[in-house]
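J.: give me coordinates for this.
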Amino acid sequence: VIFLFMPGGPSQQDLFDPKDYIRRMHGQKISVPVNQNLLQVGTEKYLALAPSVPFRPRGRSGMIISDLLPHLAGVADDLCLLRAMNADNNQHAPASLQFHTGAQAEVRPSMGAWISYGLGTENQNLPGFITIHPGSDVRTYGSGFLPAAHQATKLTVPLNESTAPVDFLKDPSGNPTLQRHRLDLVQGMNRRLVSQLHADAGMQGMIESMELAFRMQTTTPELVDISRESEATRKLYGIGNKDTDRNGRACLLARKLSEADRKSTRLNSSHVAL
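T.: Predicted coordinates for the structure are as follows:
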């Protein structure tokens, strides 16, 4: 699963979901469709604003898409457009959290954590849930009450050789044999502690995380290296363009991770937070 969460930009009424009532009431005051008992900022006038760009039926399906998205409109028949999303809070942060977890304030498992928990992963060298450039709210990619193994691994798209895609991914010693011995020693002590505590879930999760981190050191560097991609591919993703470089790298990296099965590995869930 590749999930792109892209907050900001034009609203759905300007791209996919035109409202005839708003168009007819352009420039006029309309009732505020929010709870009047909640504090509202900037809604005292609430004038209707009609789309400034025409909408047209697209493809054989007749999907309505704005002229603002000419390229996307060209593949309308390959899309599934859902116009049924709704949030219980009109404020950005609670609504965003609800979108990711189903809750407005509570710590609940995120969408990716549930997918990882339900499907697992066929790739033992990569996490089942990765988040690229996540926001500051860790709850949107956390595991909540699910085991810690289902929490997302944060990943940063490397802009150059000095940028580490995953924190502490590289071993400073540079000696894999020495690192393996060191890890075995620590893991042995951890397992002894687990046996004394009789199945401590937190400690078991730590053991699994350390083992995964070691395996990631041999797999992840190659996957996150986009310098080997052709110039045509890099151009297709907008890499090198100052306006699209960061997001383009993230999208390309998400695709590479999801296609890792071509090299005898597979990633079941990738959450891309742009």
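
J.: do you know how far the closest residue to P54 other than its chain neighbours is from P57?
T.: In this structure, P54 finds its nearest non-sequential neighbour in D67, 5.3 Å apart by CB to CB, 6 or more residues apart in numbering. Every C-beta, even on glycine, is put in place using the N, C-alpha and C of the backbone. Distance of D67 to P57, computed by CB to CB, to the nearest Å: 12 Å.

J.: repeat that for M25.
T.: Counting by CB to CB, the gap from M25 to P57 is 23 Å.

J.: equivalent analysis for F129, please.
T.: Following CB to CB, the distance that separates F129 from P57 is 38 Å.

J.: between these two, which is the more surrounded one?
T.: Set F129 next to P57 and count neighbours by other CB atoms under 10 Å: F129 wins out with 27 against 12.

J.: thought A149 was touching the more buried one, still the case?
T.: No: F129 is not in contact with A149 according to CB atoms under 8 Å; the separation is 9.0 Å.

J.: what do these two both touch?
T.: S116 (CB atoms under 8 Å, 6 or more residues apart in numbering).

J.: how about the helix or strand that contains L253 as CSV, C-alpha atoms only?
T.: Assigned by DSSP states H and E, L253 belongs to helix 245-258. Extracted C-alpha coordinates of helix 245-258, given in CSV (Å, rounded to 0.1, in the frame of the first residue of the first chain):
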residue,chain,number,x,y,z
ASP,A,245,12.3,17.6,-5.9
ARG,A,246,11.5,16.7,-2.3
ASN,A,247,8.1,15.2,-3.0
GLY,A,248,9.3,13.6,-6.2
ARG,A,249,12.1,11.8,-4.3
ALA,A,250,9.6,10.6,-1.7
CYS,A,251,7.3,9.2,-4.3
LEU,A,252,10.1,7.4,-6.2
LEU,A,253,11.4,6.0,-2.9
ALA,A,254,7.9,4.7,-2.0
ARG,A,255,7.7,3.0,-5.3
LYS,A,256,11.1,1.4,-4.9
LEU,A,257,10.2,0.1,-1.5
SER,A,258,6.9,-1.3,-2.6
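
J.: mind giving me the packing neighbours of that helix?
T.: strand 2-5, strand 130-132, helix 201-224, helix 231-236, strand 270-273 (3 or more CB pairs under 8 Å, 6 or more residues apart in numbering; DSSP states H and E).

J.: that one: how far from the chain's middle?
T.: Remark: helix 245-258 is offset 11 Å from the chain centroid, using CA atoms, centre = their mean, to the nearest Å.

J.: ditto for stretch 246-264
T.: So, by CA atoms, centre = their mean, the centroid of stretch 246-264 is 13 Å from its chain's centroid.

J.: how about that stretch: buried residues?
T.: 246-254, 256-258, 260 (16 or more other CB atoms under 10 Å).

J.: quick one: which of those is nearest G135?
T.: A250 (13.1 Å; CB to CB).

J.: ok, the nearest residue to that closest one once chain neighbours are set aside to L212 distance?
T.: Of all residues not flanking A250 in the chain, I132 sits nearest, at 4.7 Å (CB to CB, 6+ apart). For I132, the distance to L212 equals 18 Å [CB to CB].
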